[in-house]
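Asker: Curious how this folds, go ahead:
(2 chains)
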Amino acid sequence: ETGVTQTPRHLVMGMTNKKSLKCEQHLGHNAMYWYKQSAKKPLELMFVYNFKEQTENNSVPSRFSPECPNSSHLFLHLHTLQPEDSALYLCASSPLTGGRGNEQFFGPGTRLTVL
Amino acid sequence: AQSVTQPDIHITVSEGASLELRCNYSYGATPYLFWYVQSPGQGLQLLLKYFSGDTLVQGIKGFEAEFKRSQSSFNLRKPSVHWSDAAEYFCAVGRSSGGSYIPTFGRGTSLIVHP
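Answerer: Numbering: from 1, shown residues only, chains lettered A, B, ... in the order given. Here you go, the predicted structure:
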């Protein structure tokens, strides 16, 4: 498996459920990101992890809880979500070499529907 | 704070016609600029990027973009569009964070290609 993978690809959950999204990158990168993509809105950066440490949390509600156990894996734990949280959740990774060519590589996303 | 404006929500072109997608940015320093493409059901893929040097940047799939500092623009072009180019296109300006450049995305332009 190469690149950035995300599971599940589709998820339907009720507002009282607890679920987790998983992201795995096979690129040897040290930075990982969660984005939310809603219809008619720009991509919203949620969290940034550098070398497993969270470096950014962009005012994300506590019902979203990220976890980064190592540089290759990133999770987003979900609980007590609201219907407006329905969106495509994208994971990305990038190298941290200090150079300016550090583009992000994206996974295919998890399409989340909250009922 | 940095920002990106993509003034066209939708663009419709005929297959074989030329294409130009507009992007204007706001950033206080030398911008790091990106164009990404997103096909239906997929994550984002980098088409090209500009950091410095030649203001005309070549990318994948026959795309190019020109950085014009005086106009704060980074428009994407392709001389002859193929049906497979139908997708969502995102312009982004990068901000430095740790060892990487995290993009701030525009709202995207949806490209429709007629046969």
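
Asker: Partner strands of the least confident helix or strand in chain B by mean pLDDT and their direction?
Answerer: One helix or strand of chain B scores below all others by mean pLDDT, DSSP states H and E: strand B:100-105, with a mean of 83. In the sheet containing strand B:100-105, the strands it pairs with under DSSP bridges are strand B:87-97 (antiparallel).

Asker: ok, and for the partner strand, which residues are buried?
Answerer: Buried residues in strand B:87-97, counted by 16 or more other CB atoms under 10 Å in any protein chain shown: B:87-95, B:97. Glycine gets a C-beta too; all of them are placed from N, C-alpha and C.

Asker: Likewise for stretch A:36-52?
Answerer: Neighbour-count burial for stretch A:36-52, counted by 16+ other CB under 10 Å, picks out A:36-37, A:42-50.

Asker: go on, stretch B:57-73?
Answerer: Of the residues in stretch B:57-73, those with enough neighbours to count as buried (16+ other CB under 10 Å) are B:57, B:59, B:63-67, B:73.

Asker: Going by distance to chain A, which of these wins?
Answerer: Checking the buried residues of stretch B:57-73 against chain A with CB to the nearest CB, the nearest one is residue B:59 at 11.5 Å.

Asker: list the contacts for the closest one?
Answerer: B:35, B:46-49, B:65 (CB atoms under 8 Å, 6 or more residues apart in numbering or on different chains).
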